[in-house]
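Asker: Got a predicted structure here, sequence first:
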Amino acid sequence: MPLTPAETVAARALIALALSEDLGDAGDRTSLATIPAEATATAAFVARSPGVVAGLPVAELVCAAVDASLTFHAELPDGSPMQRGTRIATVAGSLRSVLAAERTALNFLQRLSGIATLTRQFADAIAGLPAKILDTRKTTPGWRLLEKAAVRAGGGTNHRIGLYDAILIKDNHIAGLGDPATAVRRAVELARAYPGHAGLPVEVEVDSLDQLRQVLPVTPEIVLLDNMTNNQLREAVAIRNAMSPGTKLEASGGVNLATVRGIAATGVDRVSVGAITHSAVALDIGLDYLG
């Protein structure tokens, strides 16, 4: 999928940093010493293991940043499944430039494809159920927008980007308001009264069914059910249906591939999974010289 304008800005900033740390002030000394300046070549980005590709627009930006005359061609769009040996993209032009771009482009492709691949595994695990897989703010500093783009490529849904674009009242906010018997409801009321609320949906975290009952009368748009058992989640869905059917329920906490379908089957609307960004393993992708 194409990058948004904000994602493109983030990508360019990361690329500049990555190329600076890789090329320094001297450039690729090995290629400068061994490759004739006039040498040209075509090379292919190839999957070494199966997965879901993400980050191709970023890899193209890497190649352009190294040498605007390089020609980059994506063989398939982000979000596509691939097998071992699948050709993902080609790059052609100055061989020195191809080699200078290689590692940085692969670093982005491998990291983002790893996230897309793990996200797809979670999405596939709940196939046929209405719940959605959401990401979290547990992202690599500086990489958040790109990692969230990779989540979308893998079939997931983005949660809030940061602290600035949504209201999510968590346990420490509630603890800071004092009496837990009234704080969860009061927190939602305070959020709605805040001038910066600006019509944003209000989400509030609860860790007990009693807290859920306390807050539903003020009809928060979303309630985050933290670390509840599946039996508790099913009861929470029944309580929500009776008290505030328009409120969405989101399950979170310790979700993994073995547990996610059971969680989604309780009737919750959303399952947020920090692991799809903080624990994704880079996908094995290489660059093969074609000549």
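Answerer: Yep, it's here.
Asker: what about the strands in this protein?
Answerer: 40-47, 51-52, 71-74, 81-82, 87-94, 132-134, 167-169, 202-206, 222-226, 248-252, 270-272, 285-289 (DSSP state E).
Asker: Need the winner for burial among those.
Answerer: strand 51-52 (a mean of 26; mean count of other C-beta atoms under 10 Å). Where you see a C-beta, it was placed from the backbone N, CA and C, and this is true even at glycine.
Asker: Neighbouring strands of that strand in the sheet, and parallel or not?
Answerer: If you go by DSSP bridges, strand 51-52 pairs up with strand 81-82 (antiparallel).
Asker: can you list contacts of the partner strand?
Answerer: Contacting residues not belonging to strand 81-82 are listed as Ala47, Pro50, Gly51, Val52, Val53, Leu76, Ile88, Arg120 [C-beta atoms under 8 Å, 6 or more residues apart in numbering].
Asker: and those residues as a markdown table, adding distance to Ser244?
Answerer: As requested, the contacts of strand 81-82 are arranged in a markdown table below (distance: C-beta to C-beta, whole Å):
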| residue | distance to Ser244 |
| --- | --- |
| Ala47 | 46 |
| Pro50 | 43 |
| Gly51 | 40 |
| Val52 | 36 |
| Val53 | 41 |
| Leu76 | 44 |
| Ile88 | 46 |
| Arg120 | 33 |
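Asker: Pipe those residues into a markdown table and attach distance to Ile276 and pLDDT per row.
Answerer: What follows is the contacts of strand 81-82, written out as a markdown table (distance: C-beta to C-beta, whole Å; pLDDT from 0 to 100):
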| residue | distance to Ile276 | pLDDT |
| --- | --- | --- |
| Ala47 | 20 | 98 |
| Pro50 | 17 | 98 |
| Gly51 | 13 | 98 |
| Val52 | 12 | 98 |
| Val53 | 16 | 98 |
| Leu76 | 21 | 96 |
| Ile88 | 21 | 98 |
| Arg120 | 9 | 98 |
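Asker: Nearest to Leu70, out of those: which one, please.
Answerer: Among these, Ile88 lies closest to Leu70 (C-beta to C-beta), at 15.8 Å.
Asker: Next up, the contacts around the residue nearest to the closest one when sequence neighbours are not counted.
Answerer: For Ile88, ignoring the flanking residues on the chain, the nearest one in space by C-beta to C-beta, 6 or more residues apart in numbering is Phe45 at 4.4 Å. Phe45 makes contacts with Ala59, Arg87, Ile88, Ala89, Thr90, Val91, Ala105, Leu106, Leu109, Ile285, Gly286, Leu287, as judged by C-beta under 8 Å, 6+ apart.
Asker: circling back to that earlier point, tell me which two in the contacts of strand 81-82 are the farthest apart.
Answerer: Checking these with C-beta to C-beta, the most distant pair is Ile88 and Arg120, at 15.7 Å.
Asker: hey, what's the residue nearest to Ile88 bridged with?
Answerer: Under the criterion used (DSSP bridges), Phe45 bridges to Ala89, Leu287.
Asker: Residue numbering should commence at 820 henceforth.
Answerer: Okay, using 820 as the starting number, the last item reads as Phe864.
Asker: what's the spacing between it and Val1100?
Answerer: According to C-beta to C-beta, to the nearest Å, Phe864 and Val1100 sit 18 Å apart.
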